[in-house]
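S.K.: 3D model of this:
(one chain, ligands or ions: 1)
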Amino acid sequence: MAQKFIEIEKKWQKYWRENEAMYAAKDGTGKPKKYVLVEFPYPSGSGLHIGHAFAFTGGDVYARFKRMSGYEVLFPMGWDAFGLPTENYAIKNKRKPQEVTLENTDNFREEMRRLAFSFDWSREVNTTDPKYYKWTQWIFIQLFKNGLAYKEEMPINWCPSCKIGLANEEVVDGKCERCGAEVERRTISQWVVRITKYADRLLSGLEKTEFIDKVKAAQVNWIGKSEGAKIRFKIKDRQETLEVFTTRPDTLYGATFMVISPEHQIALELGKNNQEIKEYQIIARSKSEMERTELSKEKTGVFSGLWAVNPVNNKEIPIWVSDFVMASYGTGAIMAVPAHDQRDFDFAKKFGLEIIPVIESEENKNNNQIPYTKVDEGKMINSPKWDGLKPSEAIKVAIEWSRESGIGEATTSYHLRDWIFSRQHYWGEPIPMVNCKEHGWVSVPESELPVRLPEVEAYEPTDDGKSPLAKMTEFVNTVCPVCGGDAKRETDTMPNWAGSDWYFMRYCDPHNDMVLGSQEKLKYWMPVDVYIGGDEHNTLHLLYSRFIYQFLWDVGVVPKEQPEPYFKRISHGVILGPDGARMSKSRGNVVVPGDVADIYGSDVLRMYLMFMGPYTATIAWNEKTVAGVKRFLEKINSLAMSVAKENELTEEAVNSQRKVMARAIEGITHDLDDFGFNTAIAKLMEAVNQLRGQRINLEVFKTLVILLAPMAPYTAEELWSQIRTEDDTKSVHLARWPIVEKETVDDDEIISIPVAIDGRVRGQLELRLKELGRESEVLVLAKQLETIKKWIEGKKVVREVYVKGKMVNLVTV
Ligand code: ANZ
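M.R.: Numbering: from 1, shown residues only. Coordinates of the predicted model:
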């Protein structure tokens, strides 16, 4: 058996390779389009891992299914190849990252071909290809020209082991996400991208997508929009005021002290002459944000010596300096209300500060040890101006009062920070900027792009935190594009996110040298209909790429019709080791897809991956089920021997077999549409069991093979080659996805067919099964739909396509 599947795989790989066009997406055909995207991998030296195989198989089954269902499918692949792991590997092995990348991508591509992924290889992209990163750099220049990229001295998270600055997002529990080393803080001059300007757009844009709730929530939480007020407190014996951001102005009477962050302007000033504050600031600087804000952390702080005046009752309250207040959020200062905020409570307890409750409810009446935080229950007390109100009402009254008194106003804060875009590393896109004494930072003229990454011998990160490019004088020294005088190039490179935040656009028009993608092609393919990826990318990658897309939309690079890049987002599950734990080398529970394919063949691997459970679930590997899937494919193979000769079966027998298939077609089509791969396979298994032991009608068997094709492409192709007749397509993967034949079911059953305008579904047409064949009538009915009329009004319909029983597409100009 083993020998046989290897032979079959080789044969069809060769055939598919020679006929690669069958999987190539054609631009702007009359057919409705489906853009199916799976996150492109970082091509590591260890080859495809099981998570890749799982993610890509799901995408592939769906893409094949949609292709067979009459869609023009774009299912591309490429390489997110810049980044530290390759750089580290190359340094260790004294090789060039360019060479290592080439080897790894070649290896990945071969492995993907072996697993029969139907990618359109003519559109392959590689983020490290100068032809590609020319556009990554071009996007940066547009950000700069539009005031969205600026250089600033920023305290950054510094990983002493990777010798690299990390974005906040790359620090997990105070440790470097990649290597686990304790992260320090350092201040260096960095390029920063103003993503915060898009905070509201990134929120409102979600309404135009069909992301599942979990993904939307991840985006919303990350942006962290918070409605509240700014309130200014007088400082005793000083001119300036201290402004705080609070979401709870209702608790003003309970504000018994204030806290400023160690980096607050006032603290910095005091630190110059106050040794205690100075030392506190030095310690705070070495702590990560996570460490500082953690709720359970023991509170520390220093009294500033200053007093503020609570505007609501003119009470004098002390101002403290503490690191649990962050400089970068709100105003970097807070009014502390220990009776109703946990951190303030802990702080007050530690330093013996006053605690005044201002909300009373059933819940907190007898227990003042736990700060009461709710806004929708209880009533205000000890607050003469708004006693008796519910906290939520008092918030409004307090804001109004502060506005009238001229000491405050309603405001909104966001947890989203600007995006630090500089990395002090070699293996990334050079930032296309030049510094001139006279003209400051100037972008490289677009005609000079790409700024190529010089190929050099040594590129180890340096201890002083500078990029290795800084040592390459030939690269560094250049002329100012404005005045022609001496100037120096930026030597930092871009973060890994840069290449991956727009790659889905490049697939639409991968070879265009003039623009990053033509309007026409972007208009046809965008948005991505389904974007498949890991949970870990539901926040940052999704947010960054949505931001870049929205920005490019604003500057007219992408067509106005598509304000969001992704329509649906599917986050697939994680495959655990056979022991139920996360796969890891140290545990020795890693399952390598290539090894499984060696033993059982690629189809078994694919089918098992899809059958083991819901696509979105986290499930442990189970060798027994692999064997079960293998037996199933053997069963289907053996059914081929039972195909009946013409007229061998009675009409009744044929009809009963057709009924079995009708049910399978309906169920499997529905499931695949919903990414229910495991249930689709279960239905296929059920159909096979019902047909077993009989002679089988040829057409019925063909249908079975077509239904199998997306899941087990080799087995289906081989069977098809044995049974196909003259009228059939040469490859099963070009065959039409079956629809339920009308005589097998009730003629009057109503089914609903999507009606698309220029490839985008705009309505649904309800038809009786017996009407499905009447093409001209169907087209007329489609155009009369209320939901469709408004889209074609004033336009000319130049092409009308009806894919029987599947869909209508109207092409307009
Ligand atoms: C008084 C108060 C009373 C607060 C109360 C909360 C509860 P979110 O919801 O995350 O926006 N805060 C403001 N700026 C801060 C900073 N830079 N660092 C640390 N904490 C800061 O949180 C807003 C609340 O977090 C603000 O409302 C403020 O404390 C605190 F019963 O003000 B509050």
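
S.K.: what residue is smack in the middle of this protein?
M.R.: Taking CA atoms, centre = their mean, the centroid of the chain lies closest to L542, which sits 3.3 Å from it.

S.K.: I'd say that one and V215 touch.
M.R.: Yes - using CB atoms under 8 Å, L542 is in contact with V215, at 7.2 Å. C-beta coordinates here come from the backbone N, C-alpha and C atoms, glycine included.

S.K.: where does the prediction get shaky in the stretch 1-150 of the chain?
M.R.: Scanning the stretch 1-150 of the chain for pLDDT under 70 picks out the ranges 1-3.

S.K.: what about the helices in it?
M.R.: 2-18, 50-68, 84-92, 97-114, 130-145 (DSSP state H, counting those that start in this stretch).

S.K.: chain neighbours aside, what residue packs nearest to the residue nearest to the centre of the chain?
M.R.: For L542, ignoring the flanking residues on the chain, the nearest one in space by CB to CB, 6 or more residues apart in numbering is Q219 at 6.5 Å.

S.K.: now D346
M.R.: D346 sits nearest to K299 (CB to CB, 6+ apart), 5.1 Å away.

S.K.: cool, and R113?
M.R.: In space, R113 is closest to Q13, 5.9 Å off (CB to CB, 6+ apart).

S.K.: can you pull the contacts of that neighbour?
M.R.: 113-114, 116 (CB atoms under 8 Å, 6 or more residues apart in numbering).

S.K.: redo that, cut-off 10 Å
M.R.: 110, 113-114, 116, 602, 714 (CB atoms under 10 Å, 6 or more residues apart in numbering).

S.K.: and the residues you listed, which of them are buried?
M.R.: Buried by 16 or more other CB atoms under 10 Å: 113-114, 116, 602, 714, out of the contacts of Q13.

S.K.: dump those into JSON lines; add distance to E666 as well.
M.R.: JSON lines is the format used below for these (distance: CB to CB, whole Å):
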{"residue": "R113", "distance to E666": "33"}
{"residue": "R114", "distance to E666": "33"}
{"residue": "A116", "distance to E666": "26"}
{"residue": "S602", "distance to E666": "28"}
{"residue": "Y714", "distance to E666": "26"}
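
S.K.: between those, which is closest to I139?
M.R.: R113 (31.3 Å; CB to CB).

S.K.: so the closest one touches W121, yeah?
M.R.: Yes - at 8.6 Å, R113 and W121 qualify as touching, with contact defined as CB atoms under 10 Å.

S.K.: any shared contact partners between these two?
M.R.: By CB under 10 Å, 6+ apart, R113 and W121 have these common neighbours: R17.

S.K.: does any part of stretch 262-278 sit near the ligand?
M.R.: No - Stretch 262-278 does not reach the ligand (CB under 6 Å from any ligand atom); its nearest approach is 9.1 Å.

S.K.: could you measure from the residue nearest to L542 over to A55?
M.R.: 20 Å (CB to CB, to the nearest Å).

S.K.: buried set for the longest helix along the chain?
M.R.: Counting by DSSP state H, the longest helix found in the chain is helix 651-673. Residues 654, 656-669, 671-672 are the ones in helix 651-673 that count as buried (16+ other CB under 10 Å).

S.K.: swap in stretch 183-200?
M.R.: Result for stretch 183-200 [16+ other CB under 10 Å]: buried residues 183, 188, 190-196, 198-199.

S.K.: closest to the ligand out of those residues?
M.R.: Comparing the buried residues of stretch 183-200 against the ligand with CB to the nearest ligand atom places A199 closest, at 13.0 Å.

S.K.: who are the neighbours in contact with that closest one?
M.R.: Per CB under 10 Å, 6+ apart, neighbours of A199: 223-225, 412-416, 543, 547.

S.K.: which pLDDT value belongs to it?
M.R.: The score at A199 is 97. That number is its pLDDT.

S.K.: also the one 5 residues further on?
M.R.: Reading off the confidence values, S204 has pLDDT 96.

S.K.: just give the number of residues close to it.
M.R.: 10 (other CB atoms under 10 Å).

S.K.: please name the residues that touch the one residue in the stretch 501-650 of the chain that gets nearest to the ligand.
M.R.: Of all residues in the stretch 501-650 of the chain, T539 sits closest to the ligand, at 16.6 Å by CB to the nearest ligand atom. By CB under 10 Å, 6+ apart, the residues touching T539 are 169, 215, 218-219, 221-223.

S.K.: tell me how many other residues surround M607.
M.R.: 29.

S.K.: next, the buried residues of the helix or strand containing it.
M.R.: Using DSSP states H and E, M607 sits in helix 602-611. Residues of helix 602-611 classed as buried: 602-611 (neighbour count, 16+ other CB under 10 Å).

S.K.: interface residues of the stretch 251-400 of the chain facing the ligand?
M.R.: 251, 325-326, 329-330, 332, 334-335, 337, 340-341, 373.

S.K.: give me the buried subset of these.
M.R.: 251, 325-326, 329-330, 332, 334-335, 337, 340-341.

S.K.: in PyMOL, how would I select the buried members of the contacts of T539?
M.R.: The buried residues among the contacts of T539 can be selected in PyMOL (16+ other CB under 10 Å) with this line:
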select buried, resi 169+215+218+219+222+223
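
S.K.: just curious, which of the contacts of T539 is nearest to K568?
M.R.: V215 (9.5 Å).

S.K.: please, which helix or strand holds the closest one?
M.R.: Assessed by DSSP H and E, V215 sits inside helix 213-223.

S.K.: in its sheet, what does the next helix or strand after that helix sit against?
M.R.: Counting by DSSP H and E, the element after helix 213-223 in chain order, helix or strand, is strand 225-235. Sheet pairing of strand 225-235 (DSSP bridges) gives strand 241-246 (antiparallel), strand 302-310 (antiparallel), strand 408-414 (antiparallel).

S.K.: mean confidence score for strand 225-235?
M.R.: For strand 225-235, the per-residue pLDDT averages 97.

S.K.: what about it, distance to the chain center?
M.R.: 34 Å (CA atoms, centre = their mean, to the nearest Å).

S.K.: got the buried residues for it?
M.R.: 228-235.

S.K.: any idea which of the residues you listed is closest to the ligand?
M.R.: Proximity of the buried residues of strand 225-235 to the ligand was ranked by CB to the nearest ligand atom; the top entry is G228 with 6.2 Å.

S.K.: what sits against the closest one?
M.R.: Contacts of G228 by CB under 10 Å, 6+ apart are 244-249, 330, 395, 399, 410-413.

S.K.: which residues of the stretch 401-550 of the chain lie near the ligand?
M.R.: So far as CB under 6 Å from any ligand atom goes, the stretch 401-550 of the chain lies against the ligand at S413.

S.K.: in the stretch 401-550 of the chain, mark out all the strands, start to finish.
M.R.: 408-414, 419-420, 433-436, 440-443, 477-479, 486-489, 528-534 (DSSP state E, counting those that start in this stretch).

S.K.: any residues touching the shortest one, and which ones?
M.R.: The contact list for strand 419-420 (CB under 10 Å, 6+ apart) reads 148-149, 152, 154, 156-157, 165-170, 188, 190-196, 495, 497, 540, 543-544, 547.

S.K.: thinking again about what came up before, give me the helices and strands touching the longest helix of the chain, please.
M.R.: The helices and strands touching helix 651-673, judged by 3 or more CB pairs under 10 Å, 6 or more residues apart in numbering; DSSP states H and E, are helix 50-68, helix 677-691, helix 698-708.

S.K.: which of the ones you listed is buried the deepest?
M.R.: Across the helices and strands packed on helix 651-673, averaging neighbours per residue (mean count of other CB atoms under 10 Å) puts helix 50-68 on top, at a mean of 24.

S.K.: kindly export it (C-alpha atoms) in PDB.
M.R.: Output in PDB follows, covering the C-alpha atoms of helix 50-68 (Å, rounded to 0.1, in the frame of the first residue of the first chain):
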ATOM      1  CA  ILE A  50       1.700  20.500  11.900                       C
ATOM      2  CA  GLY A  51       0.000  23.800  12.600                       C
ATOM      3  CA  HIS A  52       0.800  25.000   9.100                       C
ATOM      4  CA  ALA A  53      -0.500  21.700   7.600                       C
ATOM      5  CA  PHE A  54      -3.700  22.100   9.600                       C
ATOM      6  CA  ALA A  55      -4.300  25.800   8.600                       C
ATOM      7  CA  PHE A  56      -3.400  25.300   5.000                       C
ATOM      8  CA  THR A  57      -5.400  22.100   4.500                       C
ATOM      9  CA  GLY A  58      -8.500  23.900   5.800                       C
ATOM     10  CA  GLY A  59      -7.900  26.800   3.400                       C
ATOM     11  CA  ASP A  60      -7.200  24.300   0.500                       C
ATOM     12  CA  VAL A  61     -10.300  22.300   1.000                       C
ATOM     13  CA  TYR A  62     -12.400  25.500   1.000                       C
ATOM     14  CA  ALA A  63     -10.600  26.900  -2.000                       C
ATOM     15  CA  ARG A  64     -11.000  23.700  -4.000                       C
ATOM     16  CA  PHE A  65     -14.600  23.500  -3.100                       C
ATOM     17  CA  LYS A  66     -15.300  27.100  -4.200                       C
ATOM     18  CA  ARG A  67     -13.300  26.600  -7.400                       C
ATOM     19  CA  MET A  68     -15.400  23.600  -8.300                       C
END
